[in-house]
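Trainee: give me a model of this one.
(chains A and B)
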Amino acid sequence: MQNITRADVEDFLFAEAELLDEWRLPEWLELFTDDAIYYVPSTDVPADSSPDKNLFYVADDRFRLSERVKRLMKRTAHAEFPHSRTRHLVSNVRIRSCSDSEMEVAAAFITYRTKDGVTDTYFGSNRYRLVAENGRLRIREKRCLLDSEGLRTQGRVSIIL
Amino acid sequence: MNAFQRMNTALMVDETKQIFKVSRQAFVDPDILEAERTRIFDKCWLYLGHASELPKPGDFVTRQVAGRNILFARDAKGILRAMFNTCPHRGAQVCREKHGNAKSFQCFYHGWVFGLDGALRSQPGEASYAPDFKERSTSNMQQVPRFETYRDFCFVCFDRNAETLDSYLGPVKEYLDIIGDQAAASMTIVGGTQEYSMRANWKLLTENSIDGYHALTTHATYFDYLKATNGGLVPVPLEGAARDLGKGHAVLEYKAPWGRPVAQWIPMWGDEGKREIDRLYQGLVTRFGEERAKRIALFNRNLFVFPNLVVNDIMAVTIRTYYPYAPDFMTVSAWALAPKEETDWARKYRLFNFLEFLGPGGFATPDDVEALEQCQRGFRNSTEAQWNDISKGMGKETPAYDDELQMRAFWSNWNKHVFAASA
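Mentor: From the prediction side, this is the model:
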């Protein structure tokens, strides 16, 4: 993966943000490998904690992630019906390491969510493990580290961060 | 005279007609919140934390309980302490970290140093103070008036004259025992705290936490998910009973089709899971006999301890407590509780279970948050649309887990507290 530039990674992450903001979640899911994981740890455990031993906010394997997407696309996902409006901003993108098979990427994020006249702000750092499959970047791990002290005042992670 | 002073009850009750209604003013009126602060939160036993959070001398956590800042610490002798986190000198918060381990606590403002038990050890310029200054109890960090524990559940009470915790809990203890007995040694809080908030009245979360009636509608997508897991459910019907435990406490006890790491197996857990669950179950039978083992392993419990503690012994064990900041805003803290000695397998699936249903990122809690916030929005009409109805199951000899006996237990006791002075 040595020939992949930061600009390539940025394009990929910006495209991911766009899919999320447009609620094209089934397409967003396709960005993930079959063995992918999506984690949002609680804010009082170390960044590299395992969800097998610590209580997280979100710890999805690929199956649960696909079920999360299915759920969020239903009218009966009451927390997100009607869908909230979101804007995912991605910045400070850095390639932290890169081997032949995988690269580690860090990016700062701010995500705004508006629903029923209330706007919530989520912010922090996303740590990605990216791989190349058939010439396309794919996400093997997305670990979303919230900078806020807990989830107050947001109350829920009913969107994908 | 404010609206609250003109009221002497928030309830409309008629047993013969099976009417039990709650005034929506109770969810929106700032004077009601003020009465709750002084008549409930200043008087009742309130959950502070779990002893397992502080395994070693010097371990501490700082926590907010009913608006107070509490320093919860294990002192050098291993004794648990609950102290007001404020310097006796000029008031600054002494400990400013969320958790950690300390040899002493130092107030950064003027440098006073306190022992783990809160006793003043030294202060700059000691010579300028009265000779017996350090011997005065008023020089120490102040202990919370009452601090007692039951099976590692640690509670505080700000009313010096309150009944003992043991007496306050009463029949609740039986259920805390069942939960505690899941561990051969002891139960422990798993690392990681879920902290979140809801733009809703705190009593809505009380109701929701013991509401068996909303599951199939509010949590439709969760049941869809379980069906999709291909083996995530076993053919056990959702059925059981609700019990009024007195003093506003209540419990639902019921069977359910989901897996319980102690100890109901589901096919999704495979052979490894089957061996593990069989072993856990045999352990329970050995320790307690068949009958109690069955009750511990195969029944779920949603336990509510008045006014704001919920211990859910369901697909995982959760501890949840919450406080009002305003009539329409509360903060929530939640933890996972587990047998300390459980295997990596059981811990992993316990947490997997917890997250698929519970918490602000789960497949259920966000919809509860939405429901509660939508109720609070509905209460904007409370000048005209005045009443909530919680009469479901009234008159039944044994109300079902999805009836509303448990809400009536809460509200009757709430009403008694809040309107005590005017009764």
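
Trainee: how about the residues of the stretch 301-423 of chain B near chain A?
Mentor: B:331, B:335-336, B:344, B:347-348, B:351-352, B:354-356, B:359-361, B:363, B:365-367, B:369-371, B:373, B:377 (C-beta under 8 Å from any C-beta of the partner chain). Quick note: C-beta positions are derived from backbone N, CA and C, even for glycine.

Trainee: tell me which of those residues fall in helices.
Mentor: Under the assignment DSSP state H, these contribute B:344, B:347-348, B:351-352, B:354-356, B:365-367, B:369-371, B:373, B:377 to helices.

Trainee: okay, who's weakest in the residues you listed by pLDDT?
Mentor: Model confidence across those bottoms out at B:Glu356, which has 85.

Trainee: neighbours of the residue lying closest to that residue once chain neighbours are set aside, how many?
Mentor: The shortest distance from B:Glu356 to any non-neighbouring residue, by C-beta to C-beta, 6 or more residues apart in numbering or on different chains, is to B:Phe363 (5.8 Å). Using other C-beta atoms under 10 Å in any protein chain shown, B:Phe363 is surrounded by 26 other residues.

Trainee: okay, B:Phe363: pLDDT?
Mentor: At B:Phe363, pLDDT is 91.

Trainee: I'd say it and B:Tyr222 touch.
Mentor: Yes. Using C-beta atoms under 8 Å, B:Phe363 is in contact with B:Tyr222, at 4.6 Å.

Trainee: can you check which residues contact both of these two?
Mentor: Residues touching both B:Phe363 and B:Tyr222 (C-beta atoms under 8 Å, 6 or more residues apart in numbering or on different chains): B:Glu356, B:Phe357.

Trainee: related to what we said a few turns ago, show me what contacts the residue nearest to B:Glu356?
Mentor: Contacts of B:Phe363 (C-beta under 8 Å, 6+ apart): A:Glu67, A:Arg68, A:Arg71, B:His219, B:Thr221, B:Tyr222, B:Tyr225, B:Glu356, B:Phe357.

Trainee: hang on, the earlier thing: can you say which of the residues of the stretch 301-423 of chain B next to chain A are buried?
Mentor: B:331, B:335-336, B:347-348, B:351-352, B:354-356, B:359-361, B:363, B:365-367, B:369-371, B:373 (16 or more other C-beta atoms under 10 Å in any protein chain shown).

Trainee: show me which residues of chain A sit near chain B.
Mentor: Residues of chain A lying near chain B (C-beta under 8 Å from any C-beta): A:40-45, A:49, A:51-59, A:63-64, A:67-68, A:70-71, A:74, A:76-80, A:116, A:118, A:149-158.

Trainee: now do the contacts for B:Tyr322.
Mentor: Contacts of B:Tyr322 by C-beta under 8 Å, 6+ apart are B:Trp202, B:Leu205, B:Asn308, B:Met330, B:Thr331, B:Val332, B:Ser333.

Trainee: doesn't B:Glu384 belong to a helix?
Mentor: No. Counting by DSSP: H, G, I helix; E, B strand; the rest coil, B:Glu384 is not found in a helix; it is coil.

Trainee: how near is it to chain A?
Mentor: Separation of B:Glu384 from chain A (C-beta to the nearest C-beta, to the nearest Å) stands at 21 Å.

Trainee: next one, pLDDT for that residue please.
Mentor: pLDDT at B:Glu384 comes out at 95.

Trainee: same question, B:Ala242
Mentor: On the pLDDT scale, B:Ala242 gets 86.

Trainee: so what's B:Trp202 up against?
Mentor: B:Asn308, B:Tyr322, B:Tyr323, B:Pro324, B:Met330.

Trainee: point me to the residue of chain A nearest chain B.
Mentor: A:Gly150 (2.8 Å; C-beta to the nearest C-beta).

Trainee: okay, now that residue: neighbour count?
Mentor: Neighbours of A:Gly150 (other C-beta under 10 Å): 21.

Trainee: would you agree it is in contact with B:Gln64?
Mentor: No. Using C-beta under 8 Å, A:Gly150 is not in contact with B:Gln64, being 11.6 Å away.

Trainee: separation between B:Thr138 and chain A?
Mentor: Taking C-beta to the nearest C-beta, one finds B:Thr138 at 33 Å from chain A.

Trainee: which SS state does B:Asn69 fall under?
Mentor: strand.

Trainee: quick check: closest non-adjacent residue to it.
Mentor: Nearest one to B:Asn69, counting by C-beta to C-beta, 6+ apart, is B:Asn85 at 4.1 Å.

Trainee: contacting residues for that neighbour?
Mentor: B:Thr62, B:Asn69, B:Ile70, B:Leu71, B:Gln93, B:Val94, B:Cys95, B:Met141.

Trainee: now the closest residue to chain A within chain B, what's its secondary structure?
Mentor: As assessed by C-beta to the nearest C-beta, chain A sits closest to B:Glu195 within chain B, at 2.8 Å. Three-state assignment for B:Glu195 (three-state DSSP): strand.

Trainee: show the pLDDT at it.
Mentor: 94.

Trainee: so B:Gly393, which state does it fall into?
Mentor: coil.

Trainee: counting neighbours, what do you get for the residue nearest to it when sequence neighbours are not counted?
Mentor: Of all residues not flanking B:Gly393 in the chain, B:Asp403 sits nearest, at 2.5 Å (C-beta to C-beta, 6+ apart). Residues lying near B:Asp403 (other C-beta under 10 Å) number 22.

Trainee: what about A:Val93, distance to A:Glu30?
Mentor: Distance, A:Val93 to A:Glu30, using C-beta to C-beta, to the nearest Å: 21 Å.

Trainee: more neighbours: those two, which one.
Mentor: Taking other C-beta under 10 Å, A:Val93 and A:Glu30 do not tie; A:Val93 has more neighbours (18 against 12).

Trainee: distance from whichever strand or helix holds the more buried one to the middle of the chain?
Mentor: Assigned by DSSP states H and E, A:Val93 belongs to strand A:85-98. Strand A:85-98 has its C-alpha centroid displaced from the chain centroid by 10 Å (C-alpha atoms, centre = their mean, to the nearest Å).

Trainee: scan chain A for its longest helix.
Mentor: Per DSSP H, chain A has its longest helix at helix A:6-21.

Trainee: restricting to C-alpha, output stretch B:203-222 in CSV.
Mentor: Taking C-alpha atoms only, stretch B:203-222 is exported to CSV below (Å, rounded to 0.1, in the frame of the first residue of the first chain):
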residue,chain,number,x,y,z
LYS,B,203,-39.2,10.2,36.5
LEU,B,204,-39.7,9.2,32.9
LEU,B,205,-36.6,7.1,33.1
THR,B,206,-37.8,5.6,36.3
GLU,B,207,-41.0,4.5,34.6
ASN,B,208,-39.2,3.4,31.4
SER,B,209,-36.7,1.2,33.4
ILE,B,210,-39.5,-0.9,34.9
ASP,B,211,-41.9,-0.7,31.9
GLY,B,212,-42.4,-4.2,30.4
TYR,B,213,-45.2,-2.8,28.1
HIS,B,214,-43.2,-0.8,25.6
ALA,B,215,-40.7,-3.5,24.5
LEU,B,216,-42.5,-4.8,21.4
THR,B,217,-43.3,-1.4,20.0
THR,B,218,-40.5,0.8,21.0
HIS,B,219,-37.9,-1.9,20.5
ALA,B,220,-39.3,-3.5,17.4
THR,B,221,-35.9,-3.3,15.6
TYR,B,222,-34.2,-5.1,18.5
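
Trainee: buried stuff in it?
Mentor: Neighbour-count burial for stretch B:203-222 [16+ other C-beta under 10 Å]: B:203-213, B:215, B:218-222.
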